[in-house]
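Chemist: Next come a sequence and a model predicted from it.
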Amino acid sequence: MEFTRYQLDNGLKLLVHQDKSTPLVSVCITYNVGTKDEEEGKSGFAHLFEHLMFGGSKHALSFDDYIQQAGGENNAFTNQDMTVYYEYMPYQNLETALWLEADRMLHLNLDAKALEREKKVVLEEFKESCLNEPYGDIWHHIGPMAYRVHPYRIPTIGQVPQHIEDATLEDVKAFFDRFYCPNNAVLSICGNVEPEEALRLTQKWFGDIEPGKVNKIKSPYEPLQTEKRVIEVAANVPLNALYLVFHSAERNHNDYYVDDFITDVLAEGDASQLYQNLVKEQELFSSIDAYITASIDTGLMIIEGKLSDEATFEEAEQAIWKELEKLKNTLLPAKAVEKFRNRTEHNIEFSELNNLHKAINLGYYEILGDAAMINEEKAKYNAITALDIQKRSQQIFQDEKCSVLYYKAKNK
């Protein structure tokens with residue numbers, strides 16, 4: 001994917017990908033702040049700002065209204081590493097999006113009324129998605145179990161509701177001033193726009209915003225796990241659930257691609273190893289999945305499954321380990337490796353058909369270190385061999401490096 005890179009004097013990075021085949025333009029601003037940047041006792045602030053940023057600014061009291069009047073849509077998301085805001089609309093209205101994003105970067109309405117309103121929204125979301133939803137609190141168990149020192153142990157929504165309830169106006173203003181500034185952001189624009197015009201409009205609306213005093217503290221390195229960790233939880237859920245958790249590679253490490261490949265081999269589709277053997281044949285699980293968190297720092301590889309009514313935790317866990325031992329002790333057939341390579345390449349190609357995905361991905365890879373990395377992904381996946389998968393499986397799947405969550409249904 002071709003793109004043009006600029007950087008304003010205030011530190012804002014601008015990435016522009018031109019696509020004349022579409023009548024739309026996508027705008028994405030990625031702030032280099034996530035859950036891992038929050039202070040102790042003030043968790044959930046990054047997610048809180050995902051809501052506060054839509055509360056209006058000095059010259060635009062309703063962000064959503066202006067976007068809709070411009071024929072566009074918008075949304076945002078937060079994770080442990082970054083916070084992303086995006087819009088897409090007819091390319092003729094690009095300036096509306098830039099004006100709105102610049103105005104809330106410089107003049108966000110942060111007052112007591114707006115804060116109390118959004119705190120209520122976030123607290124209700126905490127209750128609905130975490131406390132009252134079946135299995136909704138798993139990250140409150142998995143995070144502290146798998147991480148002992150790294151802030152990834154705290155879920156994106158926050159550690160406890162009390163941290164949001166106690167948030168003061170001074171607290172949120174300090175968080176905003178620290179991270180929501182041009183020199184801690186990447187602006188990516190994809191669609192029917194000339195790069196020079198995108199630069200002119202960006203300079204017009206963002207150029208006079210002063211850089212902030214960004215104070216990002218490097219997260220502590222998570223030490224190697226040397227003993228198995230096990231916790232049990234009982235809740236009102238329909239089925240027993242089992243979670244096997246291992247540490248996976250940092251996002252910029254070459255092993256990340258092998259880890260991602262391994263989870264595809266284990267659980268991608270009905271023909272995958274875990275589905276065929278544990279769901280279809282042995283009927284130990286009603287569903288099973290494997291995935292990685294793809295975190296910038298050391299992430300997690302998680303194998304999770306809902307047990308069938310007749311299965312016990314012991315036999316279900318043993319069955320998973322039996323499948324993992326196969327990966328450790330045998331080489332995958334060449335045809336199987338090729339199949340997963342092709343599927344991965346298809347997914348990468350498909351993600352680049354949509355200009356909104358392109359804009360989000362450009363910002364993401366720039367935060368990782370260099371947006372040009374987006375063009376290296378296919379080659380890195382295609383270089384993976386059956387031997388790489390076997391060796392990496394031997395490194396990861398060790399009993400002393402495993403954390404296990406037994407999530408028990410109270411009625412079982």
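Modeler: Okay, I see it.

Chemist: Which residue ranges of this structure form strands?
Modeler: 4-7, 13-18, 24-31, 73-78, 83-90, 185-191, 229-235, 241-248, 285-292, 299-307, 403-409 (DSSP state E).

Chemist: Ranking the ones you listed by mean neighbour count, which comes first?
Modeler: strand 185-191 (a mean of 28; mean count of other CB atoms under 10 Å). C-beta here means a position set from N, CA and C on the backbone, and glycine is covered the same way.

Chemist: Give me the contacts around it.
Modeler: 12-19, 22, 24-32, 88, 91, 94, 101, 105, 198, 202, 206, 355-356, 358-360, 362-363, 366-367, 371 (CB atoms under 8 Å, 6 or more residues apart in numbering).

Chemist: quick one: average pLDDT of it?
Modeler: Model confidence over strand 185-191 averages 98 on the pLDDT scale.

Chemist: List the strands paired with it, with their directions.
Modeler: strand 13-18 (parallel), strand 24-31 (antiparallel) (DSSP bridges).

Chemist: looking at the strands of the chain, which is closest to Phe63?
Modeler: strand 73-78 (7.4 Å; CB to CB).

Chemist: any chance you could map the helices in the stretch 1-150 of the chain?
Modeler: 45-52, 63-69, 94-107, 112-126, 138-146 (DSSP state H, counting those that start in this stretch).

Chemist: and among those helices, the most buried is which?
Modeler: helix 45-52 comes out most buried of these by mean count of other CB under 10 Å, with a mean of 24.

Chemist: What lies in contact with that helix?
Modeler: Contacts of helix 45-52 (CB under 8 Å, 6+ apart): 33-35, 37-39, 76-78, 83, 108, 110, 114-115, 118-119, 121-122, 156-158, 164, 167, 171-172, 175-176, 180.

Chemist: ok, now how distant is the residue nearest to Leu61 when sequence neighbours are not counted from Phe176?
Modeler: Leaving out its chain neighbours, the residue that sits closest to Leu61 by CB to CB, 6 or more residues apart in numbering is Asn109, at 7.7 Å. Asn109 sits 11 Å away from Phe176, going by CB to CB, to the nearest Å.

Chemist: circling back to that earlier point, want to try CSV for the strands of the chain, with distance to Phe126 as columns?
Modeler: Conversion of the strands of the chain to CSV gives the following (distance: least, CB to CB, whole Å):
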stretch, distance to Phe126
strand 4-7, 38
strand 13-18, 33
strand 24-31, 22
strand 73-78, 13
strand 83-90, 18
strand 185-191, 27
strand 229-235, 16
strand 241-248, 21
strand 285-292, 23
strand 299-307, 22
strand 403-409, 19
